[in-house]
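Engineer: Here's a sequence, model it:
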Amino acid sequence: MYQPRTYRHWIKDKDLVSFHVALKETDLHLRAQSNLRREALRAIQKCRTPLERYIERHPSFLTALEPAPVAEDAPKMVREMAEAAQKAGVGPMAAVAGAIAEEVGRELMELSPEVIVENGGDIFLNTLKRRLVGIYAAQSPFTGKIALQIEAEETPLGICTSSGTVGHSLSLGRADAVIVLSPSAALADAAATAIGNVIKDAADIPRGIDFAQGIVGVKGVLIIKGDQIGIWGEVKIGALEEDVSPRG
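Structural biologist: Numbering: from 1, shown residues only. Presented below is the predicted three-dimensional model:
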């Protein structure tokens, strides 16, 4: 069932142009220095078409819940998804939203040095200034109160979320939000799913942190369950201000 993405209305940064693009299951909210809607649509088609054709030939890629090998002639994005899944210990489609966000974002970077691509709570970000990324964690008291502080030199960066209490994506856990930072948005997406599967209640947060530390390529993680929070790695937290990008 479609769930309205109300967190998208939190956007308050005034220096970038916001626009929306949707194609089949891909529903992106983007910001750039100009309206690049047509270019974004072409970028979505460019990365989706090889993925869809690969799945037609290898349907198990779509349904696997564990890491799966891919054919030697697999498209670049399929290989990246499979590699991310292998590192995180999940099925390759756990990386698809982050992978598409990054593919589209990198295409648009040729036209706009500042690009933010949000795909169902998974973000690819390239910025020339500090950005605050607002955190949405369901009914947790942290929702709308804190933000990730991202510096320009840390980007391009993937910032991806898994939640067992928000949205329609498959999660075996009950975390309100698991947010992972990685230079690879595909890995951030897969890792967020894997870590989220560990969190059933707040007592599992330390175990989730330990799990995150074992995933090569993860720069940091933030885990929220109710009124409890756990943070590891290169994660900087700030209070919400006027210039904020939604996360969740």
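Engineer: In this structure, spot the helix with the most residues.
Structural biologist: helix 37-57 (DSSP state H).
Engineer: Check which element follows that helix along the chain.
Structural biologist: Next helix or strand after helix 37-57 toward the C-terminus (DSSP states H and E): helix 60-63.
Engineer: other SSEs contacting that next one?
Structural biologist: Secondary-structure packing of helix 60-63 (3 or more C-beta pairs under 8 Å, 6 or more residues apart in numbering; DSSP states H and E): helix 37-57. C-beta: built from backbone N, CA, C; applies to glycine.
Engineer: in the helix it packs on, what's buried?
Structural biologist: Neighbour-count burial for helix 37-57, with 16 or more other C-beta atoms under 10 Å as criterion, is recorded at Glu39, Ala40, Leu41, Ala43, Ile44, Cys47, Arg48, Leu51, Tyr54.
Engineer: Pull the helix or strand hosting Ala191 out as CSV, backbone CA atoms only.
Structural biologist: Using DSSP H and E, Ala191 maps to helix 185-198. C-alpha atoms of helix 185-198 as CSV (Å, rounded to 0.1, in the frame of the first residue of the first chain):
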residue,chain,number,x,y,z
ALA,A,185,24.6,4.5,-1.2
ALA,A,186,24.0,0.8,-2.3
LEU,A,187,26.0,-0.4,0.7
ALA,A,188,24.4,2.1,3.0
ASP,A,189,21.0,0.8,2.0
ALA,A,190,21.9,-2.9,2.3
ALA,A,191,23.7,-2.3,5.6
ALA,A,192,20.7,-0.3,7.1
THR,A,193,18.4,-3.3,6.3
ALA,A,194,20.9,-5.8,7.8
ILE,A,195,21.4,-3.8,11.0
GLY,A,196,17.6,-3.1,11.2
ASN,A,197,16.9,-6.8,11.2
VAL,A,198,18.9,-7.1,14.5
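Engineer: about what we covered before: any idea how far the longest helix of the chain is from the middle of the chain?
Structural biologist: Helix 37-57 sits 18 Å away from the centroid of its parent chain (C-alpha atoms, centre = their mean, to the nearest Å).
Engineer: Likewise for stretch 71-80?
Structural biologist: The answer for stretch 71-80 is 20 Å, by C-alpha atoms, centre = their mean.
Engineer: Quick check: end-to-end length of that stretch?
Structural biologist: 12 Å (C-alpha to C-alpha, to the nearest Å).
Engineer: which residues are in contact with it?
Structural biologist: Residues outside stretch 71-80 that contact it (C-beta atoms under 8 Å, 6 or more residues apart in numbering): 47, 50-51, 54, 57-58, 61, 70, 82, 92, 95, 99-100, 103, 184, 186.
Engineer: can you count the residues close to Leu65?
Structural biologist: Other residues near Leu65 come to 13 when the count uses other C-beta atoms under 10 Å.
Engineer: And Val96, how far from Glu151?
Structural biologist: 28 Å (C-beta to C-beta, to the nearest Å).
Engineer: So those two - more neighbours on which side?
Structural biologist: Val96 (27 against 13).
Engineer: how about low-confidence regions in the chain?
Structural biologist: The model of the chain has pLDDT under 70 over residues 1-13, 164-173, 240-248.
Engineer: Would you map the helices across it?
Structural biologist: Applying DSSP H to the chain gives helices spanning 37-57, 60-63, 76-88, 96-108, 185-198, 205-213.
Engineer: Ok, which of those comes nearest Phe142?
Structural biologist: Comparing the helices of the chain by their distance to Phe142 (C-beta to C-beta), the top pick is helix 205-213, with 12.8 Å.
Engineer: buried ones in the closest one?
Structural biologist: Ile205, Gly208, Ile209, Phe211, Ala212.
Engineer: again, but for stretch 108-117
Structural biologist: Result for stretch 108-117 [16+ other C-beta under 10 Å]: buried residues Leu108, Ser112, Glu114, Val115, Ile116, Val117.
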